[in-house]
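Novice: From the sequence below, what's the structure:
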Amino acid sequence: MSNSIKELRIERWASQQQLADLLGITRQTFSKLENWKIDPTLWQAVKISEFFGVDVARFLPWDTQTTAQKDIDWEKYKQIIKNFIKYWSDDDWKITKTKLAKLCYLLDFARYYYNLNSITWLEYRRIQQWPVPDAYFSTIEQLQEAESINVKQKGKAYMIENIEEPKHDKLSEDEMNLLEKIAKKWKENDTQEIVNFTHQQLPRMICNDKEIIPYDLITQEESDNVY
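Specialist: Got it, this is the predicted structure:
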(Lines give C-alpha, C1' and ligand atoms only; values in the text may rest on other atoms or scores of the structure.)
Protein backbone atom coordinates (compact mmCIF):
# COMPACT_ATOMS: atom_id res chain seq x y z
CA MET A 1 0.00 0.00 0.00
CA SER A 2 2.99 2.31 0.53
CA ASN A 3 3.06 5.26 -1.88
CA SER A 4 0.08 3.88 -3.87
CA ILE A 5 -1.59 7.31 -3.98
CA LYS A 6 1.60 8.93 -5.24
CA GLU A 7 2.14 6.23 -7.85
CA LEU A 8 -1.43 6.57 -9.14
CA ARG A 9 -1.15 10.36 -9.22
CA ILE A 10 2.02 10.22 -11.31
CA GLU A 11 0.52 7.62 -13.66
CA ARG A 12 -2.50 9.86 -14.25
CA TRP A 13 -0.40 13.03 -14.65
CA ALA A 14 -2.30 14.64 -11.77
CA SER A 15 -0.68 17.30 -9.59
CA GLN A 16 -0.59 17.42 -5.81
CA GLN A 17 -2.52 20.70 -5.94
CA GLN A 18 -5.26 19.11 -8.06
CA LEU A 19 -5.81 16.36 -5.51
CA ALA A 20 -5.51 18.80 -2.60
CA ASP A 21 -8.25 20.97 -4.12
CA LEU A 22 -10.43 17.89 -4.56
CA LEU A 23 -10.09 17.09 -0.86
CA GLY A 24 -10.31 20.68 0.35
CA ILE A 25 -6.87 20.59 2.01
CA THR A 26 -3.53 22.31 1.44
CA ARG A 27 -0.89 20.89 -0.90
CA GLN A 28 1.41 20.42 2.08
CA THR A 29 -1.21 18.32 3.89
CA PHE A 30 -1.81 16.26 0.77
CA SER A 31 1.92 15.62 0.47
CA LYS A 32 1.90 14.16 3.98
CA LEU A 33 -1.15 12.08 3.07
CA GLU A 34 0.24 10.57 -0.12
CA ASN A 35 3.51 9.74 1.64
CA TRP A 36 1.55 8.08 4.50
CA LYS A 37 2.78 10.46 7.18
CA ILE A 38 -0.91 10.88 8.03
CA ASP A 39 -3.85 8.56 7.30
CA PRO A 40 -6.73 9.70 5.08
CA THR A 41 -10.18 9.92 6.60
CA LEU A 42 -12.86 7.63 5.18
CA TRP A 43 -14.33 10.57 3.26
CA GLN A 44 -10.93 11.44 1.77
CA ALA A 45 -10.33 7.80 0.87
CA VAL A 46 -13.70 7.67 -0.90
CA LYS A 47 -12.93 10.81 -2.92
CA ILE A 48 -9.45 9.56 -3.88
CA SER A 49 -10.79 6.15 -4.91
CA GLU A 50 -13.47 7.81 -7.06
CA PHE A 51 -10.86 10.03 -8.72
CA PHE A 52 -8.63 7.09 -9.64
CA GLY A 53 -11.39 4.53 -10.14
CA VAL A 54 -9.97 1.99 -7.68
CA ASP A 55 -11.16 0.15 -4.56
CA VAL A 56 -11.48 2.48 -1.55
CA ALA A 57 -10.00 -0.19 0.76
CA ARG A 58 -6.63 0.42 -0.91
CA PHE A 59 -6.32 3.74 0.93
CA LEU A 60 -7.61 2.76 4.36
CA PRO A 61 -5.72 1.64 7.46
CA TRP A 62 -6.88 -1.84 8.44
CA ASP A 63 -8.56 -0.67 11.66
CA THR A 64 -10.90 1.70 9.80
CA GLN A 65 -12.06 -0.60 7.00
CA THR A 66 -14.97 -2.12 8.96
CA THR A 67 -16.91 -1.78 12.15
CA ALA A 68 -17.90 -5.44 12.07
CA GLN A 69 -15.23 -6.41 14.59
CA LYS A 70 -16.47 -3.92 17.20
CA ASP A 71 -18.54 -5.26 20.09
CA ILE A 72 -22.25 -4.61 19.69
CA ASP A 73 -24.36 -4.06 22.81
CA TRP A 74 -27.65 -5.51 21.59
CA GLU A 75 -29.58 -4.60 24.74
CA LYS A 76 -28.52 -0.99 24.26
CA TYR A 77 -29.73 -1.08 20.66
CA LYS A 78 -33.10 -2.43 21.82
CA GLN A 79 -33.36 0.38 24.37
CA ILE A 80 -32.70 2.93 21.61
CA ILE A 81 -35.49 1.46 19.50
CA LYS A 82 -37.99 1.36 22.36
CA ASN A 83 -37.15 4.88 23.59
CA PHE A 84 -37.64 6.31 20.11
CA ILE A 85 -41.06 4.63 20.07
CA LYS A 86 -41.81 6.32 23.39
CA TYR A 87 -40.51 9.83 22.62
CA TRP A 88 -41.56 10.15 19.00
CA SER A 89 -44.79 8.14 18.68
CA ASP A 90 -48.04 9.79 17.58
CA ASP A 91 -51.06 10.33 19.82
CA ASP A 92 -51.90 6.64 19.35
CA TRP A 93 -48.42 5.76 20.73
CA LYS A 94 -47.40 4.17 17.44
CA ILE A 95 -44.58 4.88 14.96
CA THR A 96 -43.97 3.54 11.46
CA LYS A 97 -41.24 0.95 11.00
CA THR A 98 -39.52 3.13 8.37
CA LYS A 99 -39.48 6.27 10.51
CA LEU A 100 -38.16 4.34 13.50
CA ALA A 101 -35.25 3.02 11.42
CA LYS A 102 -34.47 6.56 10.21
CA LEU A 103 -34.40 7.96 13.76
CA CYS A 104 -32.00 5.23 14.91
CA TYR A 105 -29.73 6.04 11.96
CA LEU A 106 -29.79 9.77 12.72
CA LEU A 107 -28.90 9.11 16.36
CA ASP A 108 -25.91 6.92 15.54
CA PHE A 109 -24.49 9.28 12.94
CA ALA A 110 -25.23 12.44 14.94
CA ARG A 111 -23.42 10.94 17.92
CA TYR A 112 -20.42 10.24 15.68
CA TYR A 113 -20.56 13.79 14.27
CA TYR A 114 -20.30 15.34 17.73
CA ASN A 115 -18.12 12.76 19.51
CA LEU A 116 -16.39 10.73 16.76
CA ASN A 117 -17.91 7.69 18.43
CA SER A 118 -21.03 5.80 17.43
CA ILE A 119 -23.56 4.65 20.01
CA THR A 120 -24.00 1.16 18.52
CA TRP A 121 -21.25 0.75 15.86
CA LEU A 122 -23.77 -1.06 13.71
CA GLU A 123 -23.09 -1.03 9.97
CA TYR A 124 -25.76 0.90 8.08
CA ARG A 125 -26.44 -0.19 4.53
CA ARG A 126 -27.71 2.09 1.76
CA ILE A 127 -30.88 0.55 0.40
CA GLN A 128 -33.58 2.09 -1.75
CA GLN A 129 -35.72 3.66 0.95
CA TRP A 130 -33.39 4.18 3.92
CA PRO A 131 -29.98 3.63 5.48
CA VAL A 132 -30.54 0.66 7.77
CA PRO A 133 -28.39 -1.93 9.57
CA ASP A 134 -29.03 -5.54 8.63
CA ALA A 135 -29.71 -6.23 12.33
CA TYR A 136 -32.66 -3.80 12.47
CA PHE A 137 -35.19 -6.25 11.08
CA SER A 138 -34.10 -9.18 13.27
CA THR A 139 -34.05 -6.94 16.37
CA ILE A 140 -37.62 -5.81 15.71
CA GLU A 141 -38.63 -9.47 15.38
CA GLN A 142 -36.86 -10.35 18.66
CA LEU A 143 -38.63 -7.55 20.51
CA GLN A 144 -41.94 -8.65 19.05
CA GLU A 145 -41.37 -12.30 19.99
CA ALA A 146 -40.46 -11.21 23.53
CA GLU A 147 -43.78 -9.30 23.65
CA SER A 148 -41.90 -6.09 24.30
CA ILE A 149 -43.38 -4.33 21.25
CA ASN A 150 -46.39 -4.82 19.01
CA VAL A 151 -46.22 -4.56 15.20
CA LYS A 152 -49.35 -4.22 13.06
CA GLN A 153 -49.76 -3.53 9.37
CA LYS A 154 -51.81 -0.46 8.42
CA GLY A 155 -52.14 -0.18 4.67
CA LYS A 156 -48.59 -0.36 3.30
CA ALA A 157 -47.03 0.78 6.58
CA TYR A 158 -46.07 -1.24 9.63
CA MET A 159 -46.98 0.48 12.90
CA ILE A 160 -44.95 -0.26 16.05
CA GLU A 161 -45.89 0.41 19.67
CA ASN A 162 -44.35 -0.41 23.04
CA ILE A 163 -46.05 -3.02 25.21
CA GLU A 164 -43.88 -2.24 28.23
CA GLU A 165 -42.14 0.92 29.44
CA PRO A 166 -38.63 1.11 27.95
CA LYS A 167 -35.51 1.11 30.09
CA HIS A 168 -32.57 3.42 29.38
CA ASP A 169 -29.90 2.32 31.84
CA LYS A 170 -27.60 1.34 28.94
CA LEU A 171 -27.68 4.90 27.57
CA SER A 172 -25.64 7.74 29.02
CA GLU A 173 -27.28 11.04 29.92
CA ASP A 174 -25.77 12.70 26.83
CA GLU A 175 -27.00 9.87 24.60
CA MET A 176 -30.53 10.11 25.99
CA ASN A 177 -30.53 13.89 25.59
CA LEU A 178 -29.53 13.54 21.94
CA LEU A 179 -32.18 10.87 21.38
CA GLU A 180 -34.87 13.12 22.86
CA LYS A 181 -33.70 16.12 20.78
CA ILE A 182 -33.90 14.09 17.55
CA ALA A 183 -37.32 12.70 18.48
CA LYS A 184 -38.61 16.20 19.32
CA LYS A 185 -37.30 17.73 16.09
CA TRP A 186 -39.02 15.15 13.89
CA LYS A 187 -42.19 14.60 15.92
CA GLU A 188 -44.36 16.79 13.69
CA ASN A 189 -42.95 15.43 10.41
CA ASP A 190 -44.30 12.50 8.44
CA THR A 191 -42.32 9.51 7.21
CA GLN A 192 -41.67 10.89 3.73
CA GLU A 193 -40.17 14.10 5.10
CA ILE A 194 -37.57 12.25 7.18
CA VAL A 195 -36.90 9.91 4.22
CA ASN A 196 -36.24 12.92 1.98
CA PHE A 197 -33.95 14.48 4.60
CA THR A 198 -31.70 11.43 4.96
CA HIS A 199 -31.64 10.86 1.19
CA GLN A 200 -30.11 14.32 0.76
CA GLN A 201 -27.38 13.76 3.34
CA LEU A 202 -23.82 13.40 2.10
CA PRO A 203 -23.20 9.85 3.45
CA ARG A 204 -26.11 8.34 1.52
CA MET A 205 -25.49 10.36 -1.64
CA ILE A 206 -21.84 9.27 -1.87
CA CYS A 207 -22.40 5.55 -1.26
CA ASN A 208 -23.63 3.09 -3.85
CA ASP A 209 -26.73 0.93 -3.49
CA LYS A 210 -26.37 -1.80 -0.80
CA GLU A 211 -22.98 -0.39 0.26
CA ILE A 212 -22.07 0.05 3.93
CA ILE A 213 -22.13 3.77 4.83
CA PRO A 214 -18.90 4.90 6.59
CA TYR A 215 -19.53 6.92 9.74
CA ASP A 216 -16.70 9.33 8.87
CA LEU A 217 -18.72 10.74 5.96
CA ILE A 218 -21.11 12.53 8.33
CA THR A 219 -18.25 14.74 9.60
CA GLN A 220 -18.21 16.42 6.17
CA GLU A 221 -21.91 17.35 6.43
CA GLU A 222 -23.19 20.81 7.32
CA SER A 223 -24.13 20.99 11.02
CA ASP A 224 -27.77 21.88 10.23
CA ASN A 225 -28.08 18.71 8.16
CA VAL A 226 -26.79 16.19 10.73
CA TYR A 227 -30.26 15.50 12.14
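Novice: Report pLDDT for the residue lying closest to Ala135 once chain neighbours are set aside.
Specialist: Nearest residue to Ala135 in three dimensions, chain neighbours excluded: Leu122, at 6.0 Å (CB to CB, 6 or more residues apart in numbering). All C-beta atoms are positioned from the backbone trio N, CA, C, and that covers glycine. Looking at Leu122, its pLDDT stands at 90.
Novice: same question, the one 3 residues further on
Specialist: For Arg125, the model assigns a pLDDT of 81.
Novice: Give me the secondary structure label for it.
Specialist: Under DSSP: H, G, I helix; E, B strand; the rest coil, Arg125 falls in the strand class.
Novice: is it fair to say the residue nearest to Ala135 lies in a helix?
Specialist: No - assigned with three-state DSSP, Leu122 falls outside any helix and is coil.
Novice: Pretty sure it sits against Tyr77.
Specialist: Yes - contact status for Leu122 versus Tyr77: in contact at 6.9 Å, counting by CB atoms under 8 Å.
Novice: Name the residues contacting each of the two.
Specialist: Common contacts of Leu122 and Tyr77, defined by CB atoms under 8 Å, 6 or more residues apart in numbering, comprise Ala135.
Novice: Which residues does stretch 196-209 contact?
Specialist: 43, 46, 102, 105-106, 109, 126-128, 130-131, 213-214, 217-218, 220-221, 225.
Novice: Show me the protein divided up by domain.
Specialist: 4-64, 74-225 (automatic domain parsing).
Novice: In the chain, where is pLDDT below threshold?
Specialist: Low-confidence segments of the chain, defined by pLDDT under 70, span residues 1-3, 42, 55-57, 60-70, 90-91, 128-130.
Novice: just to revisit the earlier point, next up, phi/psi of the residue nearest to Ala135, please.
Specialist: Backbone torsions of Leu122, given as degrees, to the nearest 10, read phi -70, psi 150.
Novice: Next: Leu202.
Specialist: The phi/psi pair for Leu202 (degrees, to the nearest 10) is phi -60, psi -50.
Novice: gap between the residue nearest to it when sequence neighbours are not counted and Ala110?
Specialist: Spatially, and ignoring its direct neighbours in sequence, Leu202 is nearest to Glu221 (4.8 Å; CB to CB, 6+ apart). As judged by CB to CB, to the nearest Å, Glu221 and Ala110 stand 10 Å apart.
Novice: Measure how buried Ile160 is and give me the count.
Specialist: Residues near Ile160, counting by other CB atoms under 10 Å, number 24.
Novice: my read: it touches Thr96, true?
Specialist: Yes - counting by CB under 8 Å, Ile160 touches Thr96, with 7.4 Å between them.
Novice: residues making contact with stretch 125-140?
Specialist: Here stretch 125-140 makes contact (CB under 8 Å, 6+ apart) with 72, 74, 77-78, 81, 97-98, 101-102, 104-105, 120, 122-124, 149, 151, 160, 195, 198, 203-204, 207-213.
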